[in-house]
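> Sequence plus the predicted model coming up.
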Amino acid sequence: MVFPSGKSWDPTSQQFDYDPNDPRVQELFAQIENLRLENRGQFKPERVQLRGAGHGAGPLKDVQGALIVNDDGQGAITLLASRPLEEHQSCFVRRHLGTPGESERLYEVLRCRLGTRPQDAESRIWIAYLKIMPRAGIQADVHRR
């Protein structure tokens, strides 16, 4: 294959050898790792309210605001929160705030970690992964009209 400039196309012409133990290379790889972005998808963020459920409400004794940044439609959501949530904690998530279809559902916190984006670290944003809890014995879905 020949490009219009007359140069041959050689897939190895862009490759180079390097020593992975070279401190300069390690520093470059560290910088690249810091540029990695979390994929939060194309979901339109939604403000929600969280409150603890049960006797061991942990840090969610009071209502806390959060932002849903992903909803897989199968009962799993991803939240941005200003405080960490405890794993295996149950909490209610109130959605559609101030609208006639406002709803509250019971979720379990699967895991929670500090955000890795530069703006997350500056603001101490926590990423929490929640899964809806089945309706066993309690009303897990409450709609208000």
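Received the coordinates, thanks.
> Kindly provide the distance from residue 131 to residue 27.
Computed with CB to CB, to the nearest Å, the distance linking residue 131 and residue 27 is 39 Å. (C-beta placed from N, C-alpha, C; glycine too.)
> Report pLDDT for the closest residue to residue 67 other than its chain neighbours.
On the basis of CB to CB, 6 or more residues apart in numbering, the spatially nearest residue to residue 67 that is not a chain neighbour turns out to be residue 80, at 4.5 Å. The pLDDT attached to residue 80 in the predicted structure is 90.
> part of a strand, is residue 80?
Yes: the assignment for residue 80, made by DSSP: H, G, I helix; E, B strand; the rest coil, places it in a strand.
> Can we start the residue count at 58 from this point?
That works, and once the first residue is 58, the last one we named lands at residue 137.
> pretty sure it is in contact with residue 180, am I right?
No: contact criterion CB atoms under 8 Å: residue 137 and residue 180 do not qualify, at 9.4 Å.
> quick one, which of these two is more surrounded?
In this comparison of residue 137 against residue 180, neighbours counted by other CB atoms under 10 Å, the higher total goes to residue 137 at 18 against 12.
> can you tell me which residues contact that one?
Under the criterion of CB atoms under 8 Å, 6 or more residues apart in numbering, the neighbours of residue 137 are 102, 123, 124, 126, 172, 177, 182, 183, 184, 185.
> which of those count as buried?
Of all the contacts of residue 137 considered here, the ones buried according to neighbour count by 16 or more other CB atoms under 10 Å are 123, 126, 172, 177, 182, 183, 184, 185.
> Please identify which helix or strand holds residue 179.
Using DSSP states H and E, residue 179 sits within helix 175-180.
> what about dumping the CA coordinates of whichever helix or strand comes after that helix to PDB?
The helix or strand immediately downstream of helix 175-180 is strand 183-189, counting by DSSP H and E. C-alpha atoms of strand 183-189 as PDB (Å, rounded to 0.1, in the frame of the first residue of the first chain):
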ATOM      1  CA  TRP A 183     -17.700   8.700  46.500                       C
ATOM      2  CA  ILE A 184     -18.900   6.200  43.800                       C
ATOM      3  CA  ALA A 185     -21.500   3.800  45.200                       C
ATOM      4  CA  TYR A 186     -22.900   0.700  43.400                       C
ATOM      5  CA  LEU A 187     -26.300  -0.300  44.600                       C
ATOM      6  CA  LYS A 188     -28.700  -3.200  43.700                       C
ATOM      7  CA  ILE A 189     -32.400  -3.100  44.300                       C
END
